[in-house]
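Undergrad: My questions concern the predicted model and sequence given below.
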Amino acid sequence: MKDAVISGASYVLVHVPDLTMVAGTTQLLERQNPASEYIKKAESHLRTYEEAVSYPPNQAYIGNVSPEELRNIKRPWYQNPIKGSSRFGRYGEIMPEDEFYGLMALADTFGLVLLEKEFAESVKQKLLKHPLFSEDDVGRIKNTADEIAVKKLVEEGAVELKVNGILVGCVRKAHDRDEALSAHVMAENLASKASAVLALKYLIKNAGISPEEIDYLIECSEEACGDMNQRGGGNFAKAIGEIAGCSNATGADIRGFCAGPTHALISAAALVKAGVYSKVAVVAGGATAKLGMNGRDHVAKGMPLLEDVLGGFAVLVSSDDGVNPVIRLDAVGRHTIGSGAAPQAVMQSIVYDPLDRLGLKAADVDKYAPELQNPEITEPAGAGDVPKANYKMIAALAVKRGELKREEMESFIEKHGVPGFAPTQGHIPSGVPFIGWARERILEGSMKRAMIIGKGSLFLGRMTNLFDGISFIMEKNLGAKDEEKLPDLSSYLAEAFREFAEYLKTRGEAGALK
């Protein structure tokens, strides 16, 4: 049975400072307090598009600088932008807010996104110049109105869409009484859908395939679409695939908090290896709820609001081509229900148990990719450097197992760790941002093996106190096994039997065959 391989990846960011102020949960809660000092100050801490593009971790996310290069850039990174930074990278892009509103309208099939007429025309012209969007795509933007009509809808509860503080549109509710179809939820879901469409289109381009070649889609963000009768019923996957032109695909959603993408990638690999599908795209858009999540701490410390971008990604899992990195399904790390939540138990189950099954040591993995949150975002909020905390635990267990000397821990972390560079979008940082880099390095021969680690806080849903963790190893392809060229064993045995019978005849012993 052939393995499943990773044959493409894409990563996109969308800079949405104005949406941050009206859709981010922290800002929404603060607005309930008319005397909020944070809200009074927050807008003055919003970044310009140029600042977001030149921010080093953002450039690492879309592939213009490697994550390791961040170590050579003085912190704070927001004070040391990369000069001459490009909007476009090897894996995707950083889209500005105005074009993203156009993309939301393009992805909207129920007329819920309403854009002001002049703004809509200007955005159409910009999207027509975009390398990924056709006239047919842009032709989907039809729902427009004058400024007065937009203002009236906002006064009635629609979510306002602004660019540089100027009202340019809104997102309306989809039902009068259904809270699952409120304006806020529809804005949240359409933003997730639109950013996922952008990521999927880049994946198709990067992998050099047509959208029709994709057989199955797995969507793994943290959003939920449905109505009052099934609030998380889905299906984002097919909704995204419809806009991206994946006419031959079906699909479904997988949820698991921050670990969801890793669960999705393992499921995709299993489906491909089983022969159910030959090309599965795993895709996720951004989470508006997490915009400005740590904003209070950033503003209090005089920092910009760094959580002003939506993140998206897509990964293509395909049948073994003998070239692309293999997903090792025989060594999946699992934090089982009985594993326990102690950090040591977690790392044992998701890192060392799979390595033990393969007879590997900690140093046999070139790079570990756990929770890759940008530390510049998490440290001011008291969460520390999350990736480094993971690497320390991996190294400490290696010492305990006798695979590493205590004095070698720091060099191990430097060599086998990846600096955090992903936005704090929940599901986005957990391992997957490094897949594109790992695939590229394995293909060029500078790396053999990487471990992608997803971890999730299941207790946040108030259904269980359990934690979650899951991992897989992506590894150098040793060449596809051409099953068609293997000898037919039954034919081989029959021929051998005939030859042996002839031999016995020459000796007059044919009766021995009876």
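TA: Perfect, thanks for sending it. Numbering: from 1, shown residues only.
Undergrad: And the strands in the chain, which stretches?
TA: For the chain, the strands defined by DSSP state E occupy 4-15, 94-95, 113-116, 144-145, 159-163, 166-171, 216-219, 250-253, 279-284, 309-319, 326-334, 367-369, 449-456, 468-475.
Undergrad: Off-centre distance for the first one?
TA: Here strand 4-15 is found 7 Å from its chain centre; the criterion is CA atoms, centre = their mean, to the nearest Å.
Undergrad: quick one: the helices in the stretch 151-300 of the chain?
TA: 183-207, 236-244, 260-273, 295-300 (DSSP state H, counting those that start in this stretch).
Undergrad: Just send the ones you listed back as CSV, with mean pLDDT and distance to N229 too.
TA: In short, each C-beta sits where N, CA and C put it, glycine included. As requested, the helices of the stretch 151-300 of the chain are arranged in CSV below (pLDDT from 0 to 100; distance: least, CB to CB, whole Å):
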stretch, mean pLDDT, distance to N229
helix 183-207, 98, 14
helix 236-244, 98, 18
helix 260-273, 98, 23
helix 295-300, 98, 35
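Undergrad: and those as JSON lines, adding mean neighbour count and distance to L217?
TA: Formatted as JSON lines, these follow (neighbours: other CB atoms under 10 Å; distance: least, CB to CB, whole Å):
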{"stretch": "helix 183-207", "mean neighbour count": "25", "distance to L217": "8"}
{"stretch": "helix 236-244", "mean neighbour count": "23", "distance to L217": "4"}
{"stretch": "helix 260-273", "mean neighbour count": "24", "distance to L217": "9"}
{"stretch": "helix 295-300", "mean neighbour count": "20", "distance to L217": "33"}
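Undergrad: Would you format the ones you listed as JSON lines with distance to G84 included?
TA: Putting the helices of the stretch 151-300 of the chain into JSON lines (distance: least, CB to CB, whole Å) gives the following:
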{"stretch": "helix 183-207", "distance to G84": "22"}
{"stretch": "helix 236-244", "distance to G84": "31"}
{"stretch": "helix 260-273", "distance to G84": "32"}
{"stretch": "helix 295-300", "distance to G84": "26"}
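Undergrad: So for Q59, which of those sits nearest?
TA: helix 183-207 (15.9 Å; CB to CB).
Undergrad: Name the nearest residue to S471, sequence neighbours excluded.
TA: Leaving aside its chain neighbours, S471 sits nearest to G333 (3.5 Å; criterion: CB to CB, 6 or more residues apart in numbering).
Undergrad: who touches the one you found in this structure?
TA: Listed by CB atoms under 8 Å, 6 or more residues apart in numbering, the contact partners of G333 are 349-351, 353-354, 451, 453, 469-472.
Undergrad: For those, which single residue is the most surrounded?
TA: M451 (30 neighbours; other CB atoms under 10 Å).
Undergrad: wait, what's in contact with the spatially closest residue to S247 that is not a sequence neighbour?
TA: In space, and not counting its chain neighbours, S247 is closest to E212: 5.7 Å by CB to CB, 6+ apart. E212 makes contact with 245-248, according to CB under 8 Å, 6+ apart.
Undergrad: Next: A270.
TA: Listed by CB under 8 Å, 6+ apart, the contact set of A270 reads 4, 329.
Undergrad: All further residue positions should be reported with the first residue as 42.
TA: Done: numbering now begins at 42, and the last item shifts to A311.
Undergrad: picking that back up, G273 versus the residue nearest to S512, what's the distance?
TA: 27 Å (CB to CB, to the nearest Å).
Undergrad: now do R112
TA: Taking CB to CB as the criterion, R112 is separated from G273 by 40 Å.
Undergrad: Likewise for I281?
TA: The gap separating I281 from G273 is 16 Å, by CB to CB.
Undergrad: What pLDDT is listed against S380?
TA: In this prediction, S380 carries a pLDDT score of 89.
Undergrad: Neighbours of it, how many?
TA: S380 has 18 nearby residues by other CB under 10 Å.
Undergrad: Isn't it up against A386?
TA: Yes. Assessed by CB atoms under 8 Å, S380 is found in contact with A386 at 5.4 Å.
Undergrad: And the helices of the stretch 192-341 of the chain: which comes nearest G327?
TA: helix 224-248 (4.5 Å).
Undergrad: Show me what the closest one is packed against.
TA: strand 45-56, helix 58-64, helix 138-148, strand 200-204, strand 207-212, helix 277-285, strand 320-325, strand 350-360 (3 or more CB pairs under 8 Å, 6 or more residues apart in numbering; DSSP states H and E).
Undergrad: One more pass at 6 Å, please.
TA: For helix 224-248, the packing partners by 3 or more CB pairs under 6 Å, 6 or more residues apart in numbering; DSSP states H and E come out as strand 45-56, helix 138-148, strand 200-204, strand 207-212, helix 277-285, strand 320-325, strand 350-360.
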